[in-house]
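> Give me the fold of what follows.
(one chain, ligands or ions: 1)
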Amino acid sequence: MATAGFSLIPNANPTDARVREEILANPGFGRFFTDHMAHVRWTASDGWHNAEVRPYGPLTLDPAASVLHYAQEIFEGIKAYRHADGSVWSFRPEKNAARFRASARRLALPELDTETFIGSLKALVAQDIGWVPTPGSEADESSLYLRPFMIASEKFLGVRPSKEVDYYVIASPVASYFKGGIKPVSIWLSSTYNRAAPGGTGFAKCGGNYAASLAAQKEAEAHQCDQVAFLDAVENKWVEELGGMNLFFVFKDGRIVTPALTGTILEGVTRDSVLQLAKDAGLKPEERPISIDEWREGAASGEISEVFACGTAAVITPVGQLVGENERITCTAENGGEVGRSLRKQLLDIQYGRSEDTHGWLTRL
Ligand code: COI
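Residues are numbered from 1 along each chain as shown. I've put the predicted structure just below:
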């Protein structure tokens, strides 16, 4: 038995310890995976059953499985951090569990309870604990990125909710999401594409949202930008989010603004934590609509002193420039970004156990 009801099929051919150490020394992002994965099966007749941790490896999926045709799929992103005493912790996993349930409801998938969700993370990490990187310094943000996901696996081409579903968790040792570490990223403002519309799936963490962002991301890269920013689909006026991260705007008078959750924006766990940390630091956090003109004019006049992106993978990353068809606006000065840098340090210090977890955000895995 592994953890909390998860049975164990151990990997008979785990990665050689020397190879694993080489990977951990330079993991990049999402390129390497650990020796095991967690799995729980769901059927309409039996509900959730067969919780197991088994060797990491390819899935056997019928070519008619509905996920392959109608994208009935959701996922989460959450990290496991090694503390100085060797213990391993996750950050607000109950928030990810709740969001996973909200995503499941929107995609007509079965809901997984928080206990099984967190149990699956614990069961997998217990098995692959040697894959959790030990950060070499405070600047080192390496961790084990956990990727829970749920797919519709019934062999059926009719368009209706699948009666068979599989939930998995895979794990990947990671360093920073962006290649250059925390150097400022450039953002392409897409005038061609929107990410989400009212009543759609914008708030859900489903693969389809990310698939739909890729053409815009390609457009960004064609303009030498790192990420794409989306405006709302109704007025093309209100800033929503990046391809896979939320946005914050720091005003020089201490206000720190992030777009309000309207149903078209992902409710980021890092976003919520930044709002709390900003409040703790005496800043004035505001969740409200912010227009692209307010961004443009604020950055150009210096009213907005810095802009940053945040997410589990990206942590807090400064936005250097906003780039559009005929514009290039500096959002965070070359050596600026103090507020983002300070919030980033506070967040990482809590996650890595270097400062007190006053909000009770950590759960031991
Ligand atoms: C995360 O931040 O965990 C995400 O899922 C976003 C993706 C860009 C990796």
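
> Give me the neighbour count for whatever residue of the stretch 201-350 of the chain ends up closest to the ligand.
Using CB to the nearest ligand atom, the single residue of the stretch 201-350 of the chain nearest to the ligand is G244, 2.7 Å away. Just so you know, the C-beta spots here come from the backbone N, C-alpha and C atoms, and that holds for glycine as well. When neighbours are defined as other CB atoms under 10 Å, G244 has 21 of them.

> residues from the chain in reach of the ligand?
Proximity of the chain to the ligand, by CB under 6 Å from any ligand atom, involves residues 77, 244, 311-313.

> Go again with 8 Å.
Applying CB under 8 Å from any ligand atom, we find that the chain lies next to the ligand at 29-30, 75-78, 145, 147, 177, 205, 210, 243-245, 268, 270, 311-314.

> Helices along the stretch 201-350 of the chain, start to end?
Remark: helices assigned in the stretch 201-350 of the chain by DSSP state H, counting those that start in this stretch are 207-222, 269-280, 292-301, 338-351.

> Pipe those helices into JSON lines and attach mean neighbour count and mean pLDDT per row.
Shown next, in JSON lines, are these (neighbours: other CB atoms under 10 Å; pLDDT from 0 to 100):
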{"stretch": "helix 207-222", "mean neighbour count": "16", "mean pLDDT": "94"}
{"stretch": "helix 269-280", "mean neighbour count": "20", "mean pLDDT": "97"}
{"stretch": "helix 292-301", "mean neighbour count": "16", "mean pLDDT": "94"}
{"stretch": "helix 338-351", "mean neighbour count": "19", "mean pLDDT": "95"}
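
> and A102, which of the ones you listed is closest to it?
helix 269-280 (12.5 Å; CB to CB).

> Could you say which helix or strand holds the residue lying closest to Y70 once chain neighbours are set aside?
Spatial nearest neighbour of Y70, excluding adjacent residues (CB to CB, 6 or more residues apart in numbering): V159 at 6.1 Å. For V159, there is no enclosing helix or strand under DSSP states H and E.

> since we're on V159, how many residues are nearby?
For V159, the neighbour count with other CB under 10 Å is 9.

> list the contacts for the residue nearest to Q346 when sequence neighbours are not counted?
Among residues not flanking Q346 along the chain, L277 sits closest, at 5.2 Å (CB to CB, 6+ apart). Listed by CB atoms under 8 Å, 6 or more residues apart in numbering, the contact partners of L277 are 343, 346-347.

> what's the answer for V339, then?
Shown in contact with V339 (CB under 8 Å, 6+ apart): 250, 256, 283, 305-306.

> Point out where the chain drops to low pLDDT.
Scanning the chain for pLDDT under 70 picks out the ranges 1-4, 180-181.

> hang on, the earlier thing: state the distance from the residue nearest to Y70 to the ligand.
According to CB to the nearest ligand atom, to the nearest Å, V159 and the ligand sit 27 Å apart.

> show me what contacts the closest residue to H69 other than its chain neighbours?
Nearest residue to H69, sequence neighbours excluded (CB to CB, 6+ apart): L157, at 6.5 Å. Residues in contact with L157 (CB under 8 Å, 6+ apart) are 64, 66, 69.

> Now do the SS call for the last one.
Under DSSP: H, G, I helix; E, B strand; the rest coil, H69 falls in the helix class.

> can you give me phi and psi for whichever residue of the stretch 51-200 of the chain sits closest to the ligand?
Of all residues in the stretch 51-200 of the chain, the one sitting closest to the ligand is G77 (2.2 Å; CB to the nearest ligand atom). Backbone torsions of G77, given as degrees, to the nearest 10, read phi -140, psi 130.
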